[in-house]
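> Need coordinates for the below:
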Amino acid sequence: ERTMKSTLTKEEYKEFTESLVMLKEKANIDIAHTVEYKGDNFIVEILDDVDVEHLDNILLDMEN
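Next comes the predicted model:
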């Protein structure tokens, strides 16, 4: 099982959490993840095996 780990800035992390909220509200998708703080950065690890492209498409559809 592959996990995805990203280091995000404060701004990127804010966008990430907003996306999670939208996915939950609009598509009822919950994404398990952990967040680690390191200095000014957030290290986010997605625990679920997610299809990022699919999720991106859902978010893009919501914006249109």
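> By average pLDDT, which secondary structure element in this protein comes out worst?
Lowest mean confidence among the helices and strands of the chain (mean pLDDT, DSSP states H and E): helix 52-63, at a mean of 85.
> which residues sit against that helix?
With contact meaning Cβ atoms under 8 Å, 6 or more residues apart in numbering, helix 52-63 is reached by Met4, Ser19, Met22, Leu23, Lys26, Ala27, Ile29, Ile31. Every C-beta, even on glycine, is put in place using the N, C-alpha and C of the backbone.
> Not counting sequence-adjacent ones, nearest residue to the third one?
Leaving aside its sequence neighbours, Met22 sits nearest to Met62 (Cβ to Cβ, 6 or more residues apart in numbering; 5.9 Å).
> before we move on, the earlier item: how about the contacts of helix 52-63 in JSON lines, adding neighbour count, distance to Asp56 and secondary structure?
As requested, the contacts of helix 52-63 are exported to JSON lines (neighbours: other Cβ atoms under 10 Å; distance: Cβ to Cβ, whole Å; DSSP: H, G, I helix; E, B strand; the rest coil):
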{"residue": "Met4", "neighbour count": "13", "distance to Asp56": "13", "secondary structure": "strand"}
{"residue": "Ser19", "neighbour count": "16", "distance to Asp56": "9", "secondary structure": "helix"}
{"residue": "Met22", "neighbour count": "15", "distance to Asp56": "12", "secondary structure": "helix"}
{"residue": "Leu23", "neighbour count": "18", "distance to Asp56": "10", "secondary structure": "helix"}
{"residue": "Lys26", "neighbour count": "12", "distance to Asp56": "14", "secondary structure": "helix"}
{"residue": "Ala27", "neighbour count": "14", "distance to Asp56": "12", "secondary structure": "helix"}
{"residue": "Ile29", "neighbour count": "15", "distance to Asp56": "12", "secondary structure": "coil"}
{"residue": "Ile31", "neighbour count": "14", "distance to Asp56": "13", "secondary structure": "coil"}
